[in-house]
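K.L.:
Predicted model and sequence below, questions to follow.
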Amino acid sequence: MKKSYGVIGLGRFGGSICKELSKEGMEVLALDSDEDKVNEYKEIASDAVIANSTDELALKELGFRNIDHVIVAIGDNIHASILTTLLLRELGVKRITVKAQNDYHQKILEKIGADEIVHPERDMGRRIAHSIISSNVLDYLELSDEYSVVEIKAGEKMKGKTLADLDIRARFGCNVVAIKHGKDINVSPMADETISYEDVLIIIGADKDISRFEKELV
Ligand code: ADP
């Protein structure tokens, strides 16, 4: 059966999730307390409703308990975001993803049982900072407070060398998990794999090791 989604809060973040899910053919119930926002999504989402998500009765009547995955994308109003998450949890929603404003907000969300907590501005800021430091860093994905995955375009220093020549694991403690050559992707590169200029390496490691790697080889 097709999964159903709910998006609460149709600001830039929630709105973008709603548009993308709808574009992919998903069933989406969009909710916002602001009439103009709801009107904007009437034609996009399967259903768009005006309601206050901290109103328990409204959530019940709208059938939120039958939705598989709800995204709480309320911006500045931390109180409303927390209360909404709590109500959805109590209603028995299977999966709840919440946008957190800061670390305190995150801690509370963890305590009340949000399944997934995201920090879109913070994460995007980090990604952009890494691509500003080096235009060869194409993407940066945080795995935890200490570990990340980074996508790096091979430059002059790597050109024509094999992974064994570069000795990345021993020198930096990072692992090359995949190499993209144009459209092809090799997901378990061998030590004798030669890197061509502009190949893309996907590397996993501790942030401090990735940082050394970026400074010395990228
Ligand atoms: P962003 O930073 O993603 O643009 P905003 O703060 O602009 O986020 O948007 C958050 C949205 O959440 C707004 O459209 C606002 O009307 C909506 N919102 C805030 N509180 C509630 C609530 N209690 N119930 C429903 N919608 C809410």
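P.N.:
That came through, no problem.
K.L.:
mind checking the SS state of the residue in the chain positioned nearest to the ligand?
P.N.:
In the chain, the residue that lies nearest the ligand is Gly75 (1.9 Å; Cβ to the nearest ligand atom). Where you see a C-beta, it was placed from the backbone N, CA and C, and this is true even at glycine. When classified by DSSP: H, G, I helix; E, B strand; the rest coil, Gly75 comes out as coil.
K.L.:
Return the residues in contact with it.
P.N.:
By Cβ atoms under 8 Å, 6 or more residues apart in numbering, the contact list for Gly75 reads Gly9, Gly11, Phe13, Lys99, Gln101.
K.L.:
what's the answer for Lys42, then?
P.N.:
Ala48.
K.L.:
Ok, Ala206 next?
P.N.:
Applying Cβ under 8 Å, 6+ apart to Ala206 gives the contacts Glu146, Tyr147, Gly173, Cys174.
K.L.:
ok, of the contacts of Gly75, which come out buried?
P.N.:
Buried members of the contacts of Gly75, scored by 16 or more other Cβ atoms under 10 Å, are Gly9, Phe13, Lys99, Gln101.
K.L.:
Need the pLDDT of the second one.
P.N.:
Read that as Phe13. pLDDT recorded at Phe13 is 96.
K.L.:
Going by secondary structure, it is in what exactly?
P.N.:
helix 12-23 (DSSP states H and E).
K.L.:
Could I get the average pLDDT for the helix or strand following that helix?
P.N.:
Per DSSP H and E, the first helix or strand lying C-terminal to helix 12-23 is strand 27-32. For strand 27-32, mean pLDDT is 98.
K.L.:
Appreciated, that's everything.
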